[in-house]
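Undergrad: model this:
(chains A and B)
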Amino acid sequence: MAETSIATGGKTAEGALPFGYAPRPGTFDEMTAADGQVRTTWRPLLDAFGAGGLGEHGERFARAERYLRDAGIHHRDYGGSSAARPWPLSSFPVLLAESEWIAIADGLAERADLLEAVMADLYGKNRLVADGILPPLAVAGNPEWLRPLVGIAPRGGHFLHFLAFDLGRDRDGQWRILADRTQAPSAAGFALENRVATTRAVAGLFDRNAVHRLAPFFARFRDALQAGLADGDERVAVLTQGRQNPTYFEQAYLARYLGFTLLEGEDLTVIDGELMVRTIAGPRPVAVLWRRLAGTMADPLELDEGSMTGTPGLVEAVRAGSVTLVNALGSGILETGILAAHYPAIARHLLGRALSLPAARTMWGSGAEAPSSGSCLVGPAFGTLPPFEKNSGYRRGAWAEVADRPDRVAVDDLPLSRAPVLMQGELVARPLTIRAFAARTAEGWTVMPGGFARLADRDEDGALAFRDGGRSADLWIIGSKPVPAVSLLSDRTRQPILRQGGNLPGRAADNLFWLGRYIERAEGALRILRAYHARLAESGRADLPLLGSVTAYLAELDIDTAEAVPKMLVANIDSAVYSAGNIRDRFSPDGWMALTDLQKTVHRFRETVAAGDDAAHAMTILLRKLAGFAGLVHENMYRFMGWRFLTIGRHLERGLHMTLLLAHFTRPDAPEGSDDLILDIGDNVMTHRRHYSVDTSTASVIDLMGLDPYNPRSVLFQLGEITRSVVQLPDSAENRLKLRRDIAALEQDLAGCEPGSLDWRRFKRLEQELETFSDALALAYLT
Amino acid sequence: MLYDLALDIGSDYAHPVATGRHVLRVMPLVLPGRQNVERAALSIDPQPESRRDFTTFFGGEASGFVIRHPHQRLEARLRARVEVTAPAWQTGRTLAKAALPAALEAIASVAPDSPHHFTGPSPRLPPAGDAIRSYARESEGAGPEIHDIAFSLMRRIHRDFRYDGKATTVDTTAEEAFRLKRGVCQDFTHVMIAALRVLGIPAGYVSGYLRTLPPPGKPRLVGADAMHAWVRVWCGPQAGFIEYDPTNDMLAGEDHIVAGFGRDYADIAPLAGTLKGLGGQSGFQRVDISVV
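TA: Okay, the predicted model is just below:
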């Protein structure tokens, strides 16, 4: 942490700024006024940091970082690949006075109403074109204008429900709209997360009573969406493109925070005009769909025919009026540059006046009068990304470049204000944009009192400074008096709490089932590999008959004992992480951390660990980490449908593992030491000694590891657990009832056996029966 | 002329398909003064679990349906009686190409019949490459009027391209068909639309049917065994749209039955679908049109 040369810290000496902060001359600075003094809005925060400079507070900011890392949203980390969170957090907030924010919020609500009116016109009567306000090309030539949606009135009467706006200051310090995000705006979840992290950084230091809370905004939005539900069976869902989307974790985070189901296109189907989610209890209606997916991709049947992520029939459901889309399909057109160029004229035409909150000037067409001054950015007229986003297609240019190019627009490149950002322990001034969020409620638009602030890495005027990335910060709206604290969790909702068994989408159940199987498969491999390497270390010889037998056994499972940490073991753990990654919204951050830690460790061990004692030790460490994950899941996971599929997966795999071991190592020709090996793998050496006065025999091993209903590693125990879980699954269809009967029959059959009457051939057959059961389960619930 | 139209269209699947969701766009249009549909019946086998008919943006009648039990063959059958009057194309009143920009600017509409839908790129027709661009330019001097240019392009495509049902598929791009100089009506139509748009002339796709058996003494028309496609060109506010059939080197006439309009094939594909199943499929179409 760098020591700042100005030791006075927050309580500045005459004329000096805190923490060495140096505003850039000639630009509007959020923290300091033109006379060099700290603005009154910021004064209490700076005073709170005291006289010691930021250096004393390094631990606070580290705490915020740690929160993000632990929450799991800091990194996208699936299947071993990891990418940094877009816009890592600067834990130092950006502050705005409530009075200034109220003006912005009023302006945004007014703009949101205008956008709704434009949307209604574009998908309705097209008066704006007929009246000559919009050129026909802006609509007919716009790839975001989705013809199949034209003429369809949205369910509930509104097209737009959740909007975001990017804002920046011009040279005079006036806030201006940089972009309207009308299709599937992201970052509200990041704003929420930044708030939690930043709060940790200043906890106990600063009285946050005057900072407006975010939770009431989300509560109102949630209530508004739920108000659209007709009865208890309908639900609100968030539609995600899945994990390949860069903001997938944010979507999962928001879905979990708001209590909505997170779905992918293939979870949904349309039955007779009604949008349904496929759950383990059959199709259930989805009445409100918050989509985080481009409209063109939403339905391969009637929209982009190449879409792999959409739901065939979604347009039919919209046409039938059975679902509210947040926002309506086709709202991407409002984001295109050519529309932005016409909003001022549309406002004058529809409202008879200019909007109260101005936007950055956008020019299109030959008739456009080029501003006399100011630099501009030239980009695609039908593009939807704002200039400061990567791949938006904007570059520095001249206003005249759009004159004969209807496919281009030119946008005023605002210099933007500067705000403090925490970099390597110092506060430095960097260009600022903020993303604000507006949600429709029954009483009209409500604007989040806060937002997602972005600070460029480079200190230069204009939007292009953001192209190389930057940081995000929490936006605090500072009230003139304390604001009441409301948390989403403590807030009383109008909706009755529903406990329904069938809510679990089939895809989620499938991933939980396989997570259970992969985790247990990894554990089985770890246990047998540990036993192998311990014996190898003891004897120093790989050619012992018992070790040869283990090698042959593992080869059947594609595990190569020549590798100290076999590739297949790593693959099993990677698969577990992959399955868990598909259902991130159902996991606690702790469970996810434990799992990814296990994954990192096994990858490291694969590079470093040698056969023998070293490997035996490594397996012990991995087993401990795996037990840590299993324990977290066991202690924390809500015991409902999801849990049952996870449980069935685990016990099925454990049952298969022990069945295979018994089938292989209780054969008459099994080498010496096989019985003890089974006990060792099953962690039952001590139990065996207590239960059986005789020496280890094949019969006693079969009794303890196969037939003992109280031994949590025995085959019979697994069958009992599976039976108990299966009877609690929804059971409408005949094939599901058969599933119950089949597993119960297997359990009873095994329970009735005498240890002496069983041999390896029975276990061989049992393996087949368990695999058949697994297939039948998948067919009945998971497809 | 009064026709009885019979269409069988569908797919055979290599393995049973569990669920299929489709949109069918085959119903003949009612076009006052040109085409009247006296009766039409559509049946689908196997029986769909649900079927919903709707009107597409460009005015065609479409049916969306779902089949939700295993099946290895899907077949839709259309039986219709259609009366067609030869359109009186106003080829003598088409606009001078030079006057086109101003004429387009004067049309403040994005209604389905507005030419503005047909000037720019569309789902199956991204901006044309150099080969089609220079091919199009060669017809630019064919005459001052839009009709002269469109007619010239139709002639040249008919002359330069070989009709070949094996050379292309429904997914072949205009660029690829142009390179091959082969294809079927869909390819001829896409190439001609792409070339017209290069020149700034609004052009769209017509899907429909062609009389199977020619009148006595006339040659049999090409492409009558399956659904047909041709080009519609906006020739100015007076002439409106005129339809050109590059496959047969003729203007659409009494033998052409219209099923629907679009910007390209994607807007008006006769049978579009998504399936849940394994393995391949092969589509089939049979068209039979007899004079009543």
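Undergrad: going forward, measure contacts between C-alpha atoms and count neighbours the same way
TA: Fine.
Undergrad: the helix or strand of chain B with the lowest mean pLDDT pairs with which strands, and in what direction?
TA: Ranked by mean pLDDT, DSSP states H and E, the helix or strand of chain B with the weakest confidence is strand B:271-276, at a mean of 84. Take DSSP bridges as the rule and strand B:271-276 pairs in its sheet with strand B:19-24 (antiparallel).
Undergrad: show me what the strand it pairs with is in contact with.
TA: Here strand B:19-24 makes contact (Cα atoms under 8 Å, 6 or more residues apart in numbering or on different chains) with A:301, A:312-313, B:62-70, B:269-277.
Undergrad: which PyMOL command selects the buried ones in these?
TA: Of the contacts of strand B:19-24, the buried ones can be selected in PyMOL as follows, counting by 16 or more other Cα atoms under 10 Å in any protein chain shown:
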select buried, (chain A and resi 301+312+313) or (chain B and resi 62+63+64+65+66+67+68+269+270+271+272+273+274+277)
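Undergrad: ok, the closest residue to A:Met637 other than its chain neighbours - how many residues close by?
TA: Closest residue in space to A:Met637, ignoring its immediate chain neighbours: A:Trp643 at 6.9 Å, by Cα to Cα, 6 or more residues apart in numbering or on different chains. When neighbours are counted by other Cα atoms under 10 Å in any protein chain shown, A:Trp643 registers 19.
Undergrad: how near is A:Trp643 to A:Leu475?
TA: 38 Å (Cα to Cα, to the nearest Å).
Undergrad: next one: B:Glu38
TA: Going from B:Glu38 to A:Leu475 by Cα to Cα gives 67 Å.
Undergrad: of the two, who's got more company?
TA: Remark: of B:Glu38 and A:Leu475, A:Leu475 carries more neighbours, 26 against 13, as counted by other Cα under 10 Å.
Undergrad: pLDDT at the more buried one, what is it?
TA: For A:Leu475, the model assigns a pLDDT of 96.
Undergrad: any idea how far the strand or helix carrying it is from the chain center?
TA: Take DSSP states H and E as the rule and A:Leu475 turns out to sit in strand A:470-478. Chain-centre distance of strand A:470-478: 21 Å, with Cα atoms, centre = their mean, to the nearest Å.
Undergrad: next, the buried residues of it.
TA: A:Gly470, A:Arg471, A:Ser472, A:Ala473, A:Asp474, A:Leu475, A:Trp476, A:Ile477, A:Ile478.
Undergrad: same question for stretch A:153-162.
TA: Neighbour-count burial for stretch A:153-162, counted by 16+ other Cα under 10 Å, picks out A:Ala153, A:Pro154, A:Arg155, A:His158, A:Phe159, A:Leu160, A:His161, A:Phe162.
Undergrad: and stretch A:60-69, what's buried?
TA: A:Arg60, A:Phe61, A:Arg63, A:Ala64, A:Glu65, A:Tyr67, A:Leu68.
Undergrad: tell me the centre residue of chain A?
TA: A:Phe249 (1.6 Å; Cα atoms, centre = their mean).
Undergrad: okay, now the unreliable bits of the stretch 101-250 of chain B?
TA: Residues of the stretch 101-250 of chain B meeting the criterion pLDDT under 70: B:223.
Undergrad: what sits up against stretch A:356-364?
TA: Residues outside stretch A:356-364 that contact it (Cα under 8 Å, 6+ apart) are A:104, A:107-108, A:110-111, A:175-178, A:337-338, A:340-341, A:369-370, A:381, A:399, A:402-403, A:406, A:408-414.
Undergrad: how about that stretch: buried residues?
TA: By neighbour count on 16+ other Cα under 10 Å, the buried set for stretch A:356-364 is A:Leu357, A:Ala359, A:Ala360, A:Arg361, A:Thr362, A:Met363, A:Trp364.
Undergrad: among those, which are located in strands?
TA: Counting by DSSP state E, the part of these found in strands is A:Thr362, A:Met363.
Undergrad: can you tell me which of the buried residues of stretch A:356-364 lies closest to chain B?
TA: A:Trp364 (15.4 Å; Cα to the nearest Cα).
Undergrad: re earlier: which among the buried residues of stretch A:153-162 gets closest to chain B?
TA: Of all the buried residues of stretch A:153-162, chain B sits closest to A:Ala153, with 14.4 Å by Cα to the nearest Cα.
Undergrad: over to that closest one: give its phi and psi.
TA: Backbone torsions for A:Ala153, taken as degrees, to the nearest 10, come to phi -80, psi 130.
Undergrad: relative to A:Gly330, how far out is it?
TA: 12 Å.
Undergrad: same thing with A:Val447?
TA: For A:Val447, the distance to A:Gly330 equals 23 Å [Cα to Cα].
Undergrad: need the residues of the stretch 301-450 of chain A near chain B, please.
TA: Those residues of the stretch 301-450 of chain A that sit near chain B, judged by Cα under 8 Å from any Cα of the partner chain, are A:Leu301, A:Asp304, A:Glu305, A:Pro312, A:Gly313, A:Glu316.
Undergrad: quick one on the thing from earlier: format the buried residues of stretch A:356-364 as CSV; extra columns: pLDDT.
TA: CSV is the format used below for those (pLDDT from 0 to 100):
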residue, pLDDT
A:Leu357, 97
A:Ala359, 96
A:Ala360, 94
A:Arg361, 92
A:Thr362, 93
A:Met363, 93
A:Trp364, 93
